[in-house]
Structures are given as C-alpha cells and as structure tokens.
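Participant: Here is a sequence with its predicted model. Questions after.
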Amino acid sequence: MRHTLWATVVITAVAIVAAGCDEKLSDIAGPSPSLKPTFASIQAEIFEKTDESGRAACVQCHTNVGRNPAASLNLLHDTAYAALVGVTSSGKPGATRVVPNDPDNSYLIQKLEGSPDIAGQRMPRGSGPFLTEGQMTIIRRWISEGANNN
C-alpha cells in the first residue's frame, strides 16, 4: 500500500509539472484562438481563413481556382499537404517547403517570418498583418512534431 501511495504521489507531481510547462495554446494563438499544432487546424485557421487581425487567408493567392497559384503552391484543402511537406520550393532552389522535425530549415517558416535570405517577399505578401509570434509557435510545433497529416 505504501508503494502504491508513493507511486500515486509521484505520478500526480509529474502530471502537474508537465501541465505547468505547456502554455495553453488558446492563450498564445492570438487572432486564431482555435489554432492547434495539427495540419487540419493550420489548414483551416491559417491557410483558408482570414483571421481576427485582418491577415488574409493564404488561399487568396495560393489557389488554382481561376488562376495559377502563387509560387506554384496550391494551399487548397485537398492539395496543400502534398504541396508542402518534403517538397522543394519553386521560388528558391535547394529550399524545402516543410522539413519534418526541422522548422528552422523549413522554407515555409522562413517565408512567414521574413528571413533575410528568402526569395521574394515575406508572406503574406505586402505590409501585413503578418502571423503573430504565437501563431508561428504553433506552426513551428506542428513541424517539430513531425509535420504529420493530422
């Protein structure tokens, strides 16, 4: 019984510490309060939706409906994952759009953050509003966790 009590105390303590270390995503997601580190959520909340700050949906430019998609990147729901993960960028030779487990080397992150060595402009194009730090943290987490089609 003493061993069971000790195990229960340890498990409870570990659970409390783990919960305290992970910020609530809704607290950092800013203008996309439902955003989660899953592809389905990023698709719905970032690629296909204009957010509360007025940042335009990515599919306004990255679509093949009535046009050629910008940078040959179609972010519509049925094609976006296959167009991103493990795919070489058409705008910057040698860059991969999304490198699973490696957000720093994912060209998507570089374009969204406006890294100095990107080809063309920071996304979304123009003067913003750009994705917030919290939105970027969630996208980075999805990539860090393997960029799964979830």
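Facilitator: Arrived safely, thanks for sending.

Participant: Point me to the helix or strand that includes the closest residue to Asn74 other than its chain neighbours.
Facilitator: Counting by Cβ to Cβ, 6 or more residues apart in numbering, Asn64 is the residue found nearest to Asn74 once chain neighbours are left out, at 4.9 Å. In short, each C-beta sits where N, CA and C put it, glycine included. With elements taken from DSSP states H and E, nothing contains Asn64; it lies in neither a helix nor a strand.

Participant: Please tell me how far Asn64 sits from Ile42.
Facilitator: Between Asn64 and Ile42 the distance is 19 Å, computed by Cβ to Cβ, to the nearest Å.

Participant: more neighbours, the two?
Facilitator: Shown here are Asn64 and Ile42; by other Cβ atoms under 10 Å, Ile42 has more neighbours (26 against 14).

Participant: Can you classify the more buried one as helix, strand or coil?
Facilitator: Following DSSP: H, G, I helix; E, B strand; the rest coil, the label given to Ile42 is helix.

Participant: OK, contacts around it?
Facilitator: Applying Cβ atoms under 8 Å, 6 or more residues apart in numbering to Ile42 gives the contacts 35, 138-139, 142.
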